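This is a predicted model, with the sequence first.
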Amino acid sequence: MRLGSRIMAMLLMPVVPAYASALPDPVKAEAQKLYGIEYTPQLMGELIAPGISQCTYQGGGTLQLDGVDRSDWAKDYVHCNNHVVILLSKKVGESRGYDLWRTVDVLPLPKLDLQRNRRQPNKLVLYSSFEGLCSVQGRYGMDFIALLQWGKRDRIDWQTGVKQAWTFDIRQERIVPLPTRDIRCKWDEP
């Protein structure tokens with residue numbers, strides 16, 4: 001195999017987050033089962049792929065990339081063995097009047113909360129950009145997800161609480177790491 005071929009093969013391999021080795025094997029196994037499945041939106045709590053996986057649908061939506069709504073691409077959240085797994089999916093048609101999606105990439109996450117809890121300020125929280133609390137390079141509207149640890153602060157950045165982040169590369173059909181250095185978050189409580 002030529003060097004260029006090896007590099008291309010490595011580029012096409014799924015990116016494995018640094019914490020992935022710490023994930024329990026059942027979580028990794030369930031996440032792997034979701035590659036390539038076709039599904040229609042489910043009700044929250046229903047199996048996303050009955051007969052294939054025990055993961056349940058938790059919600060999601062279409063992507064907004066560079067300020068453009070990409071209704072042919074979606075990020076969905078599923079719950080697998082007490083862990084959240086992010087799906088990047090491409091619209092492939094319709095089934096019984098509903099959009100039909102095919103999963104092109106998955107990202108299993110460590111144990112975390114879905115919302116900030118002031119009683120447990122150091123817990124890891126999943127953030128999705130539709131919440132509007134975080135900006136990248138001072139701009140809002142970029143679709144990304146991040147793992148945040150607010151502590152007792154109402155403002156955090158890469159040094160104080162933005163632990164990891166990812167965005168969606170639809171050309172490569174991958175969930176890709178997003179540098180945390182330019183992410184700033186501000187908690188505006190009503």
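Received the coordinates, thanks.

switch to C-alpha atoms for all contacts and neighbour counts from now on
OK.

The residue nearest to S95 when sequence neighbours are not counted: neighbouring residues, count only.
Leaving aside its sequence neighbours, S95 sits nearest to T40 (CA to CA, 6 or more residues apart in numbering; 7.3 Å). Residues lying near T40 (other CA atoms under 10 Å) number 18.

Quick one, grab the pLDDT at T40.
The confidence metric pLDDT takes the value 88 at T40.

And it, how close does it get to I145?
Distance, T40 to I145, by CA to CA, to the nearest Å: 22 Å.

In this structure, where is pLDDT below threshold?
1-24, 113-118, 130, 189-190 (pLDDT under 70).

so who does the residue sitting nearest the centre point of it touch?
Closest to where the C-alpha atoms of the chain average out (CA atoms, centre = their mean) is I86, at 3.7 Å. Going by CA atoms under 8 Å, 6 or more residues apart in numbering, I86 touches K75, D76, Y77, V78, V106, L107, P108, L109.

you'd agree it is in a strand?
Yes: checked against DSSP: H, G, I helix; E, B strand; the rest coil, I86 lies within a strand.

For T103, give me phi and psi.
phi -70, psi 130 (degrees, to the nearest 10).

what number of residues lie near it?
Neighbour count of T103, defined by other CA under 10 Å: 22.

and what of W150?
W150, neighbours per other CA under 10 Å, totals 25.

which SS class is it?
Assigned with three-state DSSP, W150 falls in the coil class.

That one contacts P121, correct?
Yes: between W150 and P121 there is a contact at 6.1 Å, judged by CA atoms under 8 Å.
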